[in-house]
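**Student:** Here is a sequence with its predicted model. Questions after.
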Amino acid sequence: MNEQDKFWNERIETMSRDEMRHLQMGRLKKQLVYNYQNSLFYQKKFKKAGMRPEDVRSFEDFRSVPLMTKDEQRSAQEESIEEFGHPYGRTTITCAPIEKIIRINSTSGTTGTPTLYTLTKHDVDVANEMHARKFWMAGIRPGHAILQAFSLSMFTGGLPLSQGIMNVGACVVPVGVEGGAKRVLDFIRLTAPVAIFGTPSFALYLIEQCPKLIGKEAKELGIKWIFTGGEPGGGNPEVRKLLSEGFGGAIISDQTGGGHAFQAAECNEPPESYSGLHLMSEDHCLLELVDPATKKSVEVENGAIGELTLTFLDWEGGPFMRYAYGDTIQVFTEPCHCGRTGIKFRITGRADDMLIVKGVNIFPEAIRRAILRFSPEVTGFFRILLDRPGPLVTPPLTIRLEYGTMVKKEMIPSLEDKMLKHFKEDLRVSPKFIWVPQDSIPRETKKTRLTEIEEGRGTRE
Ligand SMILES: [Zn+2]
């Protein structure tokens, strides 16, 4: 690999659409036979549709295979633990024999029991290749150190990410958020990384804490890249602006992924604009869209919006097959400035997080964006208070938020008027604001949930 090379894997990253579809079809046919032969879970799926894997001769045919969900995966996992005493039984999506599984990772479990990923050596190699493509694209080269400020657990942003960073030849400093902001800042001084990787909320928190904890501004730390992931804020223009300014002009490079074969990242071309994430793993991950409500297929064409649905290709451990993932995305199929030919997309929301206020659909991330427009009069930390789980919200939509240190109490009414006007025009909702001083809202260092259920609320005001 030459430092000046633009692509980690030029053949795959610049392949024509036709060639890529051809490669995917070949792998899909083999994968379906493999899934059918090795998993009772998948056999049931085919039987339910009255199909056999050999019946799938086109992407069109494949749409008749039933979707799967996280809840189904979770119950299959439980069934297996009960029946076999381990989570890799034939009733699950784990297709490889137990002796080939070398790593188990899991989701962070913010929405229930964690779901497990079972990987073979082959799968780990593929996942590492995808990390390398992403970091190389961002400009990371051997000699660069990246401080990992995610939770350092079996969560996909933990050990798997460390391995991925090493695979590009860069140096990983796996500090983790568990030690807190002070420890992260101390290790930035000790190890001089050029980049940090964490949730956007934690990176914002570091900007706030830096002067208090180490007596200097975050912009003096020499950080050139902020890699964000774990929550949607990294694609939010207001969050990006605050992060970049706070870290002295750092490049904000967002990433997302799931199940290890699905990995996506930004190319940052043209610079300073956000044009979505490149799906970096199309050779191992077939992306489809379905309507979030009806679950009917939506054509993957430029500008289309739908729920992200994933099928892993050339994958051994626990391959997803038409996994309706929960995120809603908008896809872009036009060629990118950077020369990559694959699908790009932007996450528009997590289907589970959507709220409906008087018939208006609204995502917490859109609320964050609206609030951050008023920074520094607001700190940007807030919670949406619900009296019961969404999506239906008893009006008014109630938001607890912090005013900035420079705002005096008597200034709040005029600030609130400005904000209400913006919320009404931009989001078509009129929230009720509950104002609290800076540092009243807990700073979470892992995944930040922007909504909170408060018992006893629900009285109509
Ligand atoms: Zn690009």
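**Tutor:** Ah, there it is. Residues are numbered from 1 along each chain as shown.
**Student:** Quick one: name the residues of this structure near the ion.
**Tutor:** Contact residues, the chain versus the ion (CB under 5 Å from the ion): 267, 336, 338, 340. For glycine as for every other residue, the C-beta is placed from the backbone atoms N, C-alpha and C.
**Student:** Can you name the residue of the stretch 351-461 of the chain nearest the ion?
**Tutor:** Closest residue of the stretch 351-461 of the chain to the ion, CB to the ion: E365 (22.5 Å).
**Student:** Next SSE downstream of the helix or strand harbouring that residue?
**Tutor:** Using DSSP states H and E, E365 sits in helix 364-372. Next in sequence after helix 364-372, counting helices and strands by DSSP H and E, comes strand 378-386.
**Student:** What angle do helix 364-372 and that following strand make with each other?
**Tutor:** 140 degrees (axes from the mean of the first three to the mean of the last three CA atoms, to 10 degrees).
**Student:** Can you tell me which helices and strands strand 378-386 packs against?
**Tutor:** Packing partners of strand 378-386 (3 or more CB pairs under 8 Å, 6 or more residues apart in numbering; DSSP states H and E): helix 364-372, strand 398-403, strand 451-453.
**Student:** redo that, cut-off 10 Å
**Tutor:** Applying 3 or more CB pairs under 10 Å, 6 or more residues apart in numbering; DSSP states H and E, we find strand 378-386 packed against helix 200-214, helix 237-246, helix 364-372, strand 392-393, strand 398-403, strand 432-436, strand 451-453.
**Student:** can you pull the buried residues of the longest one?
**Tutor:** To tie it back to what came earlier, the one meant is helix 200-214. Neighbour counts over helix 200-214 (16 or more other CB atoms under 10 Å) mark 200-210, 213-214 as buried.
**Student:** Make CSV out of those and add pLDDT.
**Tutor:** Formatted as CSV, the buried residues of helix 200-214 follow (pLDDT from 0 to 100):
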residue, pLDDT
P200, 89
S201, 85
F202, 90
A203, 93
L204, 91
Y205, 89
L206, 94
I207, 94
E208, 91
Q209, 92
C210, 95
L213, 95
I214, 96
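**Student:** ok, those residues vs the ion, which is closest?
**Tutor:** So of the buried residues of helix 200-214, ranked by how close each gets to the ion (CB to the ion), first place is P200, at 20.7 Å.
**Student:** List the residues that contact the most centrally placed residue in the chain.
**Tutor:** Closest residue to the average C-alpha location of the chain: T256 at 3.8 Å, with CA atoms, centre = their mean. Contacts here follow CB atoms under 10 Å, 6 or more residues apart in numbering; on that basis T256 touches 228-232, 234-235, 262-266, 277, 279, 308, 327, 329, 345, 347.
**Student:** again with F423
**Tutor:** For F423, the contacting residues are 362, 366-367, 370-371, 397, 399, 429-431, 433, by CB under 10 Å, 6+ apart.
**Student:** Distance to F41 for the helices and strands packed on strand 378-386 - can I get that in TSV?
**Tutor:** Listed next are the helices and strands packed on strand 378-386 as TSV, based on distance: least, CB to CB, whole Å:
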stretch	distance to F41
helix 200-214	35
helix 237-246	38
helix 364-372	32
strand 392-393	33
strand 398-403	41
strand 432-436	46
strand 451-453	32
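**Student:** between those, which gets the lowest average pLDDT?
**Tutor:** Lowest mean pLDDT of the helices and strands packed on strand 378-386: strand 451-453, a mean of 76.
**Student:** and stretch 350-359, which residues are buried?
**Tutor:** Buried, per 16+ other CB under 10 Å, within stretch 350-359: 350-351, 353-355, 357.
**Student:** Mind picking the lowest-pLDDT entry from those residues?
**Tutor:** The minimum pLDDT among these falls on A351, with 65.
**Student:** out of the buried residues of helix 200-214, who's nearest K296?
**Tutor:** Of all these, the one with the least separation from K296 (CB to CB) is P200, at 33.0 Å.
**Student:** Doesn't V172 lie inside a strand?
**Tutor:** Yes: looking at V172 with DSSP: H, G, I helix; E, B strand; the rest coil, it is inside a strand.
**Student:** and the residue of the stretch 101-250 of the chain nearest the ion?
**Tutor:** M137 (7.7 Å).
**Student:** okay but that residue is in contact with F227, surely?
**Tutor:** No: applying CB atoms under 10 Å, one finds M137 not in contact with F227, separated by 11.5 Å.
**Student:** Who has more neighbours out of these two?
**Tutor:** More crowded of M137 and F227, by other CB atoms under 10 Å: F227, with 29 against 23.
**Student:** Give the partner strands of the strand or helix carrying the more buried one in its sheet and their orientations.
**Tutor:** Here F227, judged by DSSP H and E, is contained in strand 225-228. Sheet pairing here is set by DSSP bridges, and for strand 225-228 it gives strand 195-198 (parallel), strand 251-258 (parallel).
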